[in-house]
Structure formats: C-alpha cells, structure tokens
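Asks: Sequence first, then the predicted structure, then my questions.
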Amino acid sequence: MTDDAPDGYAPHPYVGGRTAVLRALAAWRMQWPGTPRVLVLTGDPGSGRSHLITGFLMLCDPEYRKRLPLDDLDPSTVPPELPAPAVPGAAGMTAAQVLWLLAGHFGLEADDVADVFTELAALPAPVTVVVPDVDRAGPVRTAAEPARLTREVLKPLAAIETVHLLTEMPRELAEEFAAGLPADNVQVIDLDAPQWADPQDLVRQAEALLNPQLGAPALPFTTATSPRRALAEAIGRRAGTSPLTVELAVQSILTSPKTFAPHDEALLPSSIGQAIDLHARRLEADPQTLRHLLAPMALAEGDGLPAELWPQLVNALAGKDMSGVIAGGSALTEPFVRSLELDGDDGPQTLLQLLHPAIADEIRADLPNIRTAQTQLAMALLEAVPEQDWSKADSYVRDHIASHTLEAGLLPQLLTDPGLFVHADPVPLRAAVEAVPTDELGAPARTYLRTAPLLTRTQAPAVQRAALLETAFVDDGLPEYADAIHGLGLNLPWKTLWSRPVPGISAVTVGSLPRPEGPATLVAVLDVRTGTPSEGSHSEVLVQGLVEPDHLGDTAPEQILPLSEEERAATPLELTRGTDHLRVWDRASGDIVATLLSDTPVTAADLSPDGILLVATERGAKALRILP
C-alpha cells in the first residue's frame, strides 16, 4: 500500500499503486468542483505515464469495469460509471489524423480543421477527451509531430470551455502547453515529483515481477517470500521513481540468475542506462557491445525492425563484423527486446522492438553522432534493395528509408527517384519530405509534396500512385520523370500527352479541324474566362492540338467541327465527373478503367472517341490518353 492509501483497499490490479494520481484523475472524470478541466501527466521517460493512463481508462470503460474488483478499490480512485471518453491515440498519428479521429468520434461534419474546434464548442453538453502517447505522435520520429500535435490540436482543445482534456506528454512540452492556459484551468502532474511518486508501488511492481505464481522462474530468491521481498525493496530503492528501471532490473536478473548475488545492491541499476550497462557486465560483456546490438532498434521507425535486417545494420553501425556476438547474444539483448510476428505485404515477418521508447532514447543519446549513425544505417538499407528496384525492396526499407535519410541530412538527394515515390508508403514519406525546408527540395520532391495529400487521403495502391504522379510531373514541366514512371513496369491507366497551365478555364471541348489534305486534326478547345464581372469579364477561346501540344492560335473557332452525337455515342468509353475527380468507364462491361483525382476543383472535361481525356481544373488543362 502507499502511505496515503486507506488500510484495507486493494491496489489497482493493472497500475498497482499511484493512489494520489488515480484520485486526481477520478476527480477530473467526475468533474468535481474545483478540479481543473485539463490534466497533463508528465515525467521522465519510463516514468509510467502511458501505463497509468491505460489503467485509468479501464475504470472509464463501461465494459472493462465489469472485469475489475471495483468494490475492493479505494472509492476515491474509482470514477462513476459514465459513457467512455473519446480516446484518439496519438501513437504514429499526425496532428491532423488525431483531430479527425476526434471529429469521427463525435460525429462532426467538419470540412476543415477550424470547423472541428467550432463544432466541438457548439455541442450541447461538455465532452471528455483523453489523448495518450503524445511523445509517440507522427509516422516519422524526427519530424517534430509531438510539438505540432501539442500546439495545433491540444492547445485549441484545452481552450474550449466545454472540453475536459486529459493528456500525457514529455516535460518540456507539458511546460509549454500549460503556460498558455489559465492557472485554474490546468494541472500538471509530474510523476517524478514527491507528491505524486509512489515508492511502494515500485516495490510491489518488483515483487510481482519476481513472483513465480505470476510467471517468474522458480529460483531461491523468488520462491521464498522473505528474500523476494528484500530483493524487491532493494530494486525499488535503487530505481528511484522509474517503473521501467524496475522492470529492466528484474528482467536482467531473471535472464542471468547465476550471475547475480541478491545481497549486492551495487548490482542493481538506478537508471535505464545503468540497467543496460550492468546487465552487460553481469554477462561478462562490454556494455558498448550491448549498445551496438540495440542501436539499430533504437534508430528504427514504425512498428519495429525486420529481424533479417538486424545483423547487417548492427555491423554497419558498429563498423565491424559483429556476427559472432549476434549468434550468441540472445541472453545479452533479451531483457531489452521483444519480437512481434506480423503478416505484412511481404508475408509473415518478425519485427524486433525495444521494450520501451525510453530505452531507445538512452541508446541514441549515447551515440557519438546521430547523423553519422543514420548515414551508416541508410547506406546499409540502400544496399539491401535488390537491383535498386524499389518494388522488390523489403517493405521496411522502402517505407522508412526517407525517415533515416532525413535525420542523416541526406533526404533531398534521395528525392529524385520516381520508383521510391511510387512504391513507398505515402504517409511516412510525406511526413519526412514535409520536414525538409522547401528551398532544399528539388523540383521532383516539390511535385511529390503537392501530390502527397491525394496519395495519403485515398491510400491508393502503387499503380494509382504512379498514375497520379505521372500526370503531376507533366503538369509541373517534368516530362522526363513522367517517362521514368512509365518505365517502372506498371500498367498505368493513362499517359499524359500535355498539360497547359491556363487558369480560368470554364469549358473544354474535343473537336476536329479539317485539313485541305489528309484526315482532320483532333483539337482541344479551351474556353477561358478573363477579367471579373465588375471589370466586364469576357471569354477567350484557345485552340490546341489534342494529341500533339501544338498551339493553333490562328485557328478561328468556327473552323472547328464539334463531335456529333453519333460519334460520342459510338465511343467505347464514357465519362463521369465529380468536384475533384473524373472516372472513365467501359460502356460494354460497366467497369471503371481510370480514375483521375485532382488536388484542385475540376471545372470541365470531355472525352474523344479514341479515348483521350481532356480535363480542366483551376490550375489549367491537360490531355490524357486512356491506355487499354
């Protein structure tokens, strides 16, 4: 029990203690008079912020409450049964995604970010929102998404008087966040501060981890109650306020029990870094060797590092052959690593993850130079791409190479490869590209950045990504990159013939221009509205070749023959149009043969009998030949 917990009450079965914090959270949930609307949990990495919020949310979920011994818990830590709060988890999410998750939870019909806050404020009753894992926000670790989430989503949420917000974040963000709010509206709970720390909770945690009845191996100092309790108290004393240090200390002991003397408190860690180094020494290894083994996972992105890539990345970062250590190093890494079995795009795969993000923080902080390490890792990943063909690359390599080169300072050099643009997951690639100053990006990268919202919004497959990028490159005057995409071996639905940046096009028509000799020339007629109503707007007709981008400026509109209804009806394709998209259909089968999405509104479209799509957007006009 904690010193402030009434006798006779059981600890929370998941949290184990933290009575003072759970009381504050329960008071916030029931909106107790005088309780701030906004609570922020903070503390050092490994202080148990996420763990604590997870345990509290168990008490807030009507279904999960049924599994908890509520009658045995301190009543002041148990909130009343209420509808579950909105919990838009931030891990791996962008700030915008978190906000749209929130909008979806409350059924808001917002069209943009500002509307979400307005509609939340207009709801008839106060709302409760819990945002965990702010420190893990974003698809790219180094792209500063936690700060963006705090400033662009959490601060505006906290400013709405009807929103009751609970979140957890690193200390520096918590201080910035709270500084902008009225003092009586926000409370920051620092889990490392004496009033909120729970030393006895750490002892209970250690004792539970050492208990054979709860999964620990049967050893002389785990089976007997008195030695187990004495060891748990020693671990708790040394760990200070860090539950993660407790966990690592116990796992290290249980992994190599023969090397541990329970009476020697000097062998127990007082920090995450000490836990790593003491474990290595216990196994008669150099601590730096263990850190070499953990470094690729500390730099990894996403859900973890593919196990088959780990050895070569260890060698790359260590600058030497570590195969002998890797082959016999499972006991060395075991307390700090877990594996995750996934069925991904490349089939079943084992991913390696560090047990906690704070371990990664410790390993990265010890690297002599992060940029150099990321450069070594990125070069090794690039070497792992078969024949430099991104379609054959491991999904981790193609989806996260941009994140590694971003921190290495090499991303702009990578952003000239259309194959990467096409095959990489657009969510992490977009986040990485957006983190580079625009003036450092080349023209292809700027085209990708312009197109990326379409790719991420639709989660389009590789073929559709290729098609959208192909026409975007032509739009931006980069035909060589469009040609390169056609050379990737994908069956694209079209080839963009030309693009003309003429704003103000109100109508487009496919027609034919008779010639004195030979067949008529198919042409595109563009009706361009110039000026404004107040200035006396008027239309100008531009004519150009439909297949070849020849400007036929001396052609009078009356010379052009429109397509007859019979010609239009005889075409094997037909066209439907939306505000920001076009679809081309096969008349006979009813199948969609091409879908063109646009990042600006579509203003007009037409289709030639032989399958050339003429389309105008607010940006200009272009022609695409629909491919069989």
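Replies: Thanks, I have the structure now.

Asks: pLDDT wise, what is residue 533 at?
Replies: On the pLDDT scale, residue 533 is placed at 49.

Asks: Please shift the residue numbers so they start at 41 in all later answers.
Replies: All right, first residue 41 from here; so that's residue 573.

Asks: Correct me if wrong: residue 138 contacts residue 193.
Replies: Yes - counting by C-beta atoms under 8 Å, residue 193 is a contact partner of residue 138 at 5.7 Å. Quick note: C-beta positions are derived from backbone N, CA and C, even for glycine.

Asks: And the helices in the stretch 191-340 of the chain, which stretches?
Replies: For the stretch 191-340 of the chain, the helices defined by DSSP state H, counting those that start in this stretch cover 195-198, 211-219, 239-250, 260-263, 265-279, 283-295, 312-322, 327-338.

Asks: Without its sequence neighbours, what residue ends up closest to residue 336?
Replies: Once flanking residues are discounted, residue 336 sits nearest to residue 353: 3.9 Å by C-beta to C-beta, 6 or more residues apart in numbering.

Asks: again but with residue 155, I slipped
Replies: Closest to residue 155 by C-beta to C-beta, 6+ apart is residue 148, at 7.6 Å.

Asks: neighbours around that neighbour, how many?
Replies: 19 (other C-beta atoms under 10 Å).

Asks: cool, and residue 529?
Replies: Neighbour tally, residue 529, other C-beta under 10 Å: 9.

Asks: Next one: it, what pLDDT does it get?
Replies: 94.

Asks: In terms of helices and strands, where is it?
Replies: Assigned by DSSP states H and E, residue 529 falls within no helix or strand.

Asks: doesn't residue 405 make contact with residue 338?
Replies: No - under the criterion of C-beta under 8 Å, residue 338 makes no contact with residue 405, lying 9.4 Å away.

Asks: More neighbours: those two, which one.
Replies: Neighbours around residue 338 and residue 405, counted as other C-beta under 10 Å, are more numerous at residue 338. The numbers are 22 against 10.

Asks: so who does that one touch?
Replies: Contact analysis of residue 338 by C-beta atoms under 8 Å, 6 or more residues apart in numbering lists 394, 399, 400, 401, 402, 403, 404.

Asks: Go again with 10 Å.
Replies: 331, 345, 357, 376, 394, 397, 399-407, 413 (C-beta atoms under 10 Å, 6 or more residues apart in numbering).

Asks: So residue 635 versus residue 606, what's the distance?
Replies: 28 Å (C-beta to C-beta, to the nearest Å).

Asks: and the two? which has more neighbours close in?
Replies: residue 635 (16 against 8).

Asks: Report the helix or strand with the lowest average pLDDT across this structure.
Replies: Within the chain, no helix or strand scores below strand 578-585, which has a mean of 82 by mean pLDDT, DSSP states H and E.

Asks: by contact count, what packs against the following helix or strand past that strand?
Replies: Using DSSP H and E, the next helix or strand after strand 578-585 towards the C-terminus is strand 601-602. The contact analysis (3 or more C-beta pairs under 10 Å, 6 or more residues apart in numbering; DSSP states H and E) places strand 601-602 against strand 545-553.

Asks: and the strand it packs on, which strands flank it?
Replies: strand 561-570 (antiparallel), strand 601-602 (antiparallel) (DSSP bridges).

Asks: tell me the contacts of residue 435?
Replies: 342, 346, 382, 384, 385, 386, 389, 463, 464, 465.

Asks: Any of those residues buried? List them.
Replies: 342, 346, 389, 463, 464, 465 (16 or more other C-beta atoms under 10 Å).

Asks: Could you export those residues as CSV, including secondary structure, distance to residue 82 and pLDDT?
Replies: Shown next, in CSV, are those (DSSP: H, G, I helix; E, B strand; the rest coil; distance: C-beta to C-beta, whole Å; pLDDT from 0 to 100):
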residue, secondary structure, distance to residue 82, pLDDT
342, coil, 26, 91
346, strand, 33, 95
389, strand, 35, 89
463, helix, 40, 97
464, coil, 35, 96
465, coil, 32, 95
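
Asks: quick one: which of the residues you listed is nearest residue 476?
Replies: residue 464 (15.0 Å; C-beta to C-beta).

Asks: Need the per-residue pLDDT for the nearest residue to that closest one once chain neighbours are set aside.
Replies: Excluding the flanking residues, the one nearest residue 464 by C-beta to C-beta, 6+ apart is residue 438, at 5.0 Å. At residue 438, the predicted lDDT confidence score is 96.

Asks: Could you report the neighbour count for residue 438?
Replies: Neighbours around residue 438, by other C-beta under 10 Å: 22.

Asks: residues contacting it?
Replies: Contacts of residue 438 (C-beta under 10 Å, 6+ apart): 385, 421, 425, 430-432, 459-460, 462-465, 469.
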